[in-house]
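Enquirer: With the sequence up front, the predicted model follows.
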Amino acid sequence: MKILYFAWFAEKLGKREEDIVASDLDSLDKLVAALCARDESYREIFAQKSLVKCAVNKRVVEGNTSLAPDDEVAFFPPITGG
Amino acid sequence: MTTSTTTRTALLHDAAFCPYETLRLFAQEHNNKPHRNGALASFCGIARAQRQEQKPEQKPGRESGHQEKSSDALQSLYLDCYPDMAIRSLEEIVCEAQTRWHLDAATIHHRIGDIPVGETIVLVACLSARRNDAFDACRYMTDMVKIRPPLWKREQTLGGEQAWLDANADDSRRAACWQKGLSTREAARHIS
């Protein structure tokens, strides 16, 4: 599973993308929980749920959703536009 | 990421582009004989030196009406972008405008990455037989570009300060007017 981060999320984590191999991460909630278990920088990003937007395979999703191992998941703050 | 083709309806540029030349090529490509288009409307957004005002509730410590020091002036903007999603979003905006108004062609060119003050951020253009369709469609596309494509702005001042911007509530209100089907005149009241 490919995970992408944008704007200050990427700055906070010091990376724009990473690959995760874990067959049990079959939902967005499970993925977020696994990331938050890693360290404080992830927990800071996901602390305010209303300020975390997500896209799965380049489509914005709301709430929990199922994930497949080859999905591309992007996390980003609210869009500020062009 | 910049490409010379003019057949796509939306393009991202990771380096400076000339809006006048882009507009000339767009008009040349789409307004050949029999010259049925009587109107070419365009909007060009340029990076300005003034910082974007942030509402106090959005950015504690930066109050509205705050007096700027010379070091507060902007040196540049940085636009982070999710390229595949952004291109699709811009193409959808163009497609919606073409469905809603009588247009022969429309295009959006958007800069990403580092943008020094004074350089072009975005060019929106459309060709139509009549000026009302061209004006309305151009305003609609410009308003949608402000809220829909996955882009994030970071300001950099001459003094070296960097800050990510929050979403602009006025931009959301303008877009909501279109989505409610209000007329251009009503939507324009929300534009400062």
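Expert: Good, I have the coordinates.
Enquirer: report the longest helix in chain B, please.
Expert: Longest helix in chain B, counting residues (DSSP state H): helix B:83-100.
Enquirer: That one vs chain A: in contact?
Expert: Yes: interface with chain A: helix B:83-100 contributes B:84-85, B:88 (CB under 8 Å from any CB of the partner chain). (C-beta placed from N, C-alpha, C; glycine too.)
Enquirer: can you count the residues close to the closest residue to B:R130 other than its chain neighbours?
Expert: Once flanking residues are discounted, B:R130 sits nearest to B:A39: 5.9 Å by CB to CB, 6 or more residues apart in numbering or on different chains. Residues lying near B:A39 (other CB atoms under 10 Å in any protein chain shown) number 18.
Enquirer: For B:A39, give me its contacts.
Expert: By CB atoms under 8 Å, 6 or more residues apart in numbering or on different chains, the residues touching B:A39 are B:127-131, B:133-135.
Enquirer: pLDDT value on residue 59, please?
Expert: I went with chain A, as the question did not name one. On the pLDDT scale, A:R59 is placed at 93.
Enquirer: Chain B is the one I meant
Expert: 43.
Enquirer: what's the answer for B:E63, then?
Expert: 40.
Enquirer: What of B:C177?
Expert: pLDDT, read off for B:C177, is 85.
Enquirer: Buried residues of the host helix or strand of it, list them for me.
Expert: Assessed by DSSP states H and E, B:C177 sits inside helix B:169-179. By 16 or more other CB atoms under 10 Å in any protein chain shown, the buried positions in helix B:169-179 come out as B:171, B:174-175, B:177-178.
Enquirer: how about low-confidence regions in chain A?
Expert: Across chain A, nothing is flagged by pLDDT under 70.
Enquirer: Regarding the residue nearest to B:R130, what are the backbone dihedral angles?
Expert: phi -140, psi 130 (degrees, to the nearest 10).
Enquirer: Test of understanding: give the bridge partners of it.
Expert: B:S128 (DSSP bridges).
Enquirer: quick one: it from chain A, how far?
Expert: Separation of B:A39 from chain A (CB to the nearest CB, to the nearest Å): 23 Å.
Enquirer: what's the closest non-adjacent residue to the closest residue to chain A within chain B?
Expert: Nearest residue of chain B to chain A (CB to the nearest CB) works out as B:W152 at 3.7 Å. Leaving aside its sequence neighbours, B:W152 sits nearest to A:A7 (CB to CB, 6+ apart; 3.7 Å).
Enquirer: which residues touch that neighbour?
Expert: Counted by CB under 8 Å, 6+ apart, A:A7 has contacts A:76-77, B:80, B:152, B:154, B:164.
Enquirer: of all these, which two lie farthest apart?
Expert: Greatest spacing in these, by CB to CB: A:F76 and B:R154 (13.1 Å).
Enquirer: pLDDT value on the closest residue to B:A97 other than its chain neighbours, please?
Expert: Spatially, and ignoring its direct neighbours in sequence, B:A97 is nearest to B:A137 (4.3 Å; CB to CB, 6+ apart). What the model reports for B:A137 is a pLDDT of 96.
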